[in-house]
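Q: Mind looking at a prediction? Sequence and model below.
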Amino acid sequence: TAKRVLCLFQSGGLSHVDLFDDKPALHEFAGKDLPPSIKGTQRLTGMTSGQKGYPVRPPLMDGKACGKHGTWISNLLPHIQTIADDICIIKTLNTEAINHDPAITFLNTGNQQPGYASMGAWASYGLGTENANLPAFIAMVSQGTGKNPGQPVFSRLWGSGFLPSNHQGVGLRPGANPVLYLQNPPTVDGAQRRELLDDLATLNEERARELGDPETITRIKAYEMAFRMQTSVPGLLDFKNEPKSVLEMYGPDVLKPGTFANNCLIARRLAERGVRFTQLMHAGWDQHNNLTTGQLAQQCLDTDQASAALVKDLKQRGLLDDTLVVWGGEFGRTPFAQNQAGQGFKGRDHFGRAYSWWLAGGGVKPGYVHGETDDFGWNITKDRVHIHDMQATLMHLFGINHEGLLFRYQGRQFRLTDVEGHVVKGMLKHA
């Protein structure tokens, strides 16, 4: 059972075709239209639904068979290639959403509409925290250098929705003030702050008894957490005791605040401190017309080394067995090339019919590939994994029955997976 989750979310829709799911037919049919018998009636975005022709495009770069299972991973990800025997690659993720905001919201909350509780909030609600000095759910955002700016990443993606707001994620900002207004003003010391909070808690508790509003109690908890974070956060971000060998594992950007590598190192330190759910959001994977100009390669350069280093670092510290690492985006990219605004076939459009993620540790089967797509990476031919199935499986790995973790709101019972979702037992190390 996983005690904690590190979700490395790649925002924008990374290309599974270019990175994980090469097919001989993609080379054989390169430049030719995707056969109508394959394309079928799949819904496309308005950017390509009226496109004249759907020329098949093979992966941007060669790859190689990796690990004992020999699965193909692109040479754009040389470091992830080295952890092939530690990860479980799922090639058959499926979502109905074809645009960014509904797809990201669906992935994170189980619903395409805003206002629902995020996965991390559900984990906090179901399991609580192991460390009273840090929030159970923490989120960090980094901007990709391949496409800047990328798709916006909204704070509601780590929100609590209708759950009590003490379960919402706390965002850590890069730089000297990771949490705004956390430190005392220059004229206030710790003892004075403690006295102020005690008096404020007394007033809030009295108000809570009068009104019965649970958010008043949440406010007390938020003040107390902020007080404890005054001492826990500076230690979290102090890297002076990190060995040089570890810093080098994560790559040259590891000490640059706000980078994906820096956030990965912080994520490992949060895992050591018992934070239940840490979510990293890395933007910039939206290659509509710049696939061939270095955008995709730069996004991989941002994330490849640090992602692999995180898995290796957890493993060498004995933390990987009970830490679940999740790596993927809201959807994939089309196996055909996109001609955006008549600028030439230089990119790929959004594609949720079949796409890839990988997971490591936390009870998933290592060195394993789950699911198969057809000769073009378009249709799922074996072991479909719907977004709700993935959410159910992540909850299961956390020791939570997704059908049993409920919250009553507006007259009905809600859960992360709504009325769907099945645990994907084939992914589990011990089914």
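A: Perfect, I can see it now.
Q: does Ala117 really touch Phe162, like I thought?
A: Yes - using C-beta atoms under 8 Å, Ala117 makes contact with Phe162 at a distance of 6.3 Å. In this view, the C-beta of every residue, glycine as well, is placed from N, C-alpha and C.
Q: and the two? which has more neighbours close in?
A: Remark: of Ala117 and Phe162, Ala117 carries more neighbours, 26 against 15, as counted by other C-beta atoms under 10 Å.
Q: can you tell me which helix or strand the residue nearest to that one when sequence neighbours are not counted belongs to?
A: Among residues not flanking Ala117 along the chain, Gly161 sits closest, at 3.6 Å (C-beta to C-beta, 6 or more residues apart in numbering). Per DSSP states H and E, Gly161 falls between elements, in no helix or strand.
Q: Number of residues surrounding Gly161?
A: Neighbour tally, Gly161, other C-beta under 10 Å: 21.
Q: Contacts only, for it.
A: Residues near Gly161 by C-beta atoms under 8 Å, 6 or more residues apart in numbering: Thr109, Gly115, Tyr116, Ala117, Ser118, Ala121.
Q: same thing but at 10 Å, please
A: 109-111, 114-118, 121-122, 167-168, 407, 409, 414 (C-beta atoms under 10 Å, 6 or more residues apart in numbering).
Q: what separates it from Leu77, distance-wise?
A: The gap separating Gly161 from Leu77 is 34 Å, by C-beta to C-beta, to the nearest Å.
Q: same thing with Ile104?
A: 22 Å.
Q: repeat for Pro55
A: For Pro55, the distance to Leu77 - C-beta to C-beta - is 25 Å.
Q: Counting neighbours, go ahead and name the busier of the two.
A: Leu77 (24 against 16).
Q: what's around the residue nearest to that one when sequence neighbours are not counted, how many residues?
A: The spatially closest residue to Leu77, leaving aside those adjacent along the chain, is Asp304, at 4.8 Å (C-beta to C-beta, 6+ apart). Residues within reach of Asp304, counting by other C-beta under 10 Å, total 20.
Q: What residues does Asp304 make contact with?
A: With C-beta under 10 Å, 6+ apart, Asp304 has these contacts: Leu19, Ser74, Leu76, Leu77, Pro78, His79, Ile80, Gln81, Gly251, Phe260.
Q: Rounded mean pLDDT for the helix or strand harbouring Gly126, please.
A: Gly126 belongs to helix 119-127 when elements are defined using DSSP H and E. The predicted model assigns helix 119-127 a mean pLDDT of 97.
Q: what are the C-alpha coordinates of it, in CSV please?
A: C-alpha atoms of helix 119-127 as CSV (Å, rounded to 0.1, in the frame of the first residue of the first chain):
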residue,chain,number,x,y,z
MET,A,119,-7.6,13.7,-6.0
GLY,A,120,-5.2,15.1,-3.4
ALA,A,121,-8.1,16.6,-1.4
TRP,A,122,-9.9,13.2,-1.5
ALA,A,123,-6.7,11.6,-0.2
SER,A,124,-6.4,14.1,2.6
TYR,A,125,-10.1,13.6,3.5
GLY,A,126,-9.7,9.8,3.5
LEU,A,127,-6.4,9.4,5.2
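Q: Strands of the stretch 51-200 of the chain, start to end?
A: Here the stretch 51-200 of the chain has its strands, by DSSP state E, counting those that start in this stretch, at 63-66, 71-74, 87-94, 137-143, 170-171.
Q: all helices in the stretch 1-150 of the chain, in order from the N-terminus.
A: For the stretch 1-150 of the chain, the helices defined by DSSP state H, counting those that start in this stretch cover 16-19, 24-28, 36-39, 78-81, 100-109, 119-127.
Q: Okay, now the unreliable bits of the stretch 251-400 of the chain?
A: For the stretch 251-400 of the chain, no stretch is flagged by pLDDT under 70.
Q: Tell me how many other residues surround the residue lying closest to Leu405 once chain neighbours are set aside.
A: Once flanking residues are discounted, Leu405 sits nearest to Gly126: 4.8 Å by C-beta to C-beta, 6+ apart. Residues lying near Gly126 (other C-beta under 10 Å) number 19.
Q: and Gly126, how far is that from Gln343?
A: 48 Å.
Q: With respect to Gln391, which of the strands of the stretch 51-200 of the chain lies nearest?
A: Closest approach to Gln391 among the strands of the stretch 51-200 of the chain is made by strand 87-94 (11.3 Å; C-beta to C-beta).
Q: just for the stretch 1-150 of the chain, where's the confidence low?
A: Those would be none, if you go by pLDDT under 70 across the stretch 1-150 of the chain.
Q: got the residue ranges for the strands in the stretch 251-400 of the chain?
A: 277-283, 323-328, 332-333, 338-339, 345-347, 350-351, 355-360, 368-370, 372-373, 380-382, 385-386.
Q: Also compute the angle for the second one relative to strand 355-360, please.
A: Going back to what we said before, that points to strand 323-328. 160 degrees (axes from the mean of the first three to the mean of the last three C-alpha atoms, to 10 degrees).
Q: List the neighbouring strands of strand 323-328 plus their orientation.
A: If you go by DSSP bridges, strand 323-328 pairs up with strand 4-10 (parallel), strand 355-360 (antiparallel).
Q: what's near enough to touch Asp22?
A: His16, Pro58, Pro59, Met61, Asp62, Gly63, Thr71, Trp72, Ile73, Ser74, Gly377.
Q: ugh, wrong one, I meant Leu211
A: By C-beta under 10 Å, 6+ apart, Leu211 lies in contact with nothing.
Q: Please tell me how far it sits from Ile220.
A: 14 Å.
Q: Between the helices of the stretch 1-150 of the chain, which one is closest to Thr334.
A: Across the helices of the stretch 1-150 of the chain, closest to Thr334 is helix 16-19 (C-beta to C-beta), at 7.8 Å.
Q: how about that closest one as PDB, C-alpha atoms only?
A: Extracted C-alpha coordinates of helix 16-19, given in PDB (Å, rounded to 0.1, in the frame of the first residue of the first chain):
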ATOM      1  CA  HIS A  16       2.500   9.400 -26.500                       C
ATOM      2  CA  VAL A  17       3.200   8.700 -30.200                       C
ATOM      3  CA  ASP A  18       6.600  10.400 -30.100                       C
ATOM      4  CA  LEU A  19       7.600   9.200 -26.600                       C
END
